[in-house]
Structures are given as structure tokens and as C-alpha cells.
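In: Compute the structure for the input listed below.
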Amino acid sequence: MMLDRYDKLILEQLQRDGRISNVQLANAVSLSESAAFGESVRSKSPE
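Out: Residues are numbered from 1 along each chain as shown. A predicted model of the protein is given here:
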């Protein structure tokens with residue numbers, strides 16, 4: 001799986017704080033809440 005810019009930013013934030021809320025995660029990576037959630041779910045699921 002190829003990681004895009006947002007995947008990498010989200011993974012970096014999750015490594016810092018695995019319990020970060022979706023709202024905080026979205027703010028940290030400059031995405032909407034729904035987009036950040038979709039990206040984080042996609043990055044966690046196996047291909």
C-alpha cells in the first residue's frame with residue numbers, strides 16, 4: 001500500500017498519541033473530521 005501525505009501525517013500523530021480524538025487528529029493534519037477518520041481507518045486496514 002502506498003501512503004500519501006495525509007496517511008503519513010495521521011500515522012505520525014497516532015504514534016505520538018494513539019488515543020487522540022478524531023477532532024484533534026483532523027485539526028492536527030488540516031483535514032475535515034470525516035476525511036481524517038476515513039484516512040485513519042484506511043491506513044489501519046490490511047489490503
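
In: middle-most residue in the protein, spatially?
Out: residue 10 (3.1 Å; CA atoms, centre = their mean).

In: what helix or strand does residue 31 sit in?
Out: Counting by DSSP states H and E, no helix or strand carries residue 31.

In: any weak-confidence spans in the protein?
Out: The chain contains residues with pLDDT under 70 at 43-47.

In: still on that earlier bit, tell me the contacts of the residue nearest to the centre of the chain?
Out: Residue 10 makes contact with 25, 29, 36, 39-40, 43, according to CB atoms under 8 Å, 6 or more residues apart in numbering. C-beta: built from backbone N, CA, C; applies to glycine.

In: can you tell me how far it sits from residue 32?
Out: Look at residue 10 and residue 32: by CB to CB, to the nearest Å, they are 13 Å apart.

In: what about residue 29, neighbour count?
Out: 20 (other CB atoms under 10 Å).

In: Repeat that for residue 23.
Out: Other residues within reach of residue 23, judged by other CB under 10 Å, total 11.

In: How about residue 12?
Out: 11.

In: Over to residue 42?
Out: 14.

In: Excluding chain neighbours, what is closest to it?
Out: What sits nearest to residue 42 in space, not counting adjacent residues and going by CB to CB, 6 or more residues apart in numbering, is residue 7, at 7.6 Å.

In: hey, C-alpha coordinates of the one helix or strand the one you found maps to in PDB?
Out: Assigned by DSSP H and E, residue 7 falls within helix 5-16. The C-alpha trace of helix 5-16 is given here as PDB (Å, rounded to 0.1, in the frame of the first residue of the first chain):
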ATOM      1  CA  ARG A   5       0.900  12.800   2.600                       C
ATOM      2  CA  TYR A   6      -2.100  12.600   4.800                       C
ATOM      3  CA  ASP A   7      -1.500   9.000   5.700                       C
ATOM      4  CA  LYS A   8       2.000   9.800   6.900                       C
ATOM      5  CA  LEU A   9       0.800  12.800   8.900                       C
ATOM      6  CA  ILE A  10      -2.000  10.800  10.500                       C
ATOM      7  CA  LEU A  11       0.300   7.900  11.400                       C
ATOM      8  CA  GLU A  12       2.800  10.400  12.900                       C
ATOM      9  CA  GLN A  13       0.100  11.800  15.100                       C
ATOM     10  CA  LEU A  14      -1.200   8.400  16.100                       C
ATOM     11  CA  GLN A  15       2.300   7.300  17.000                       C
ATOM     12  CA  ARG A  16       2.600  10.300  19.300                       C
END
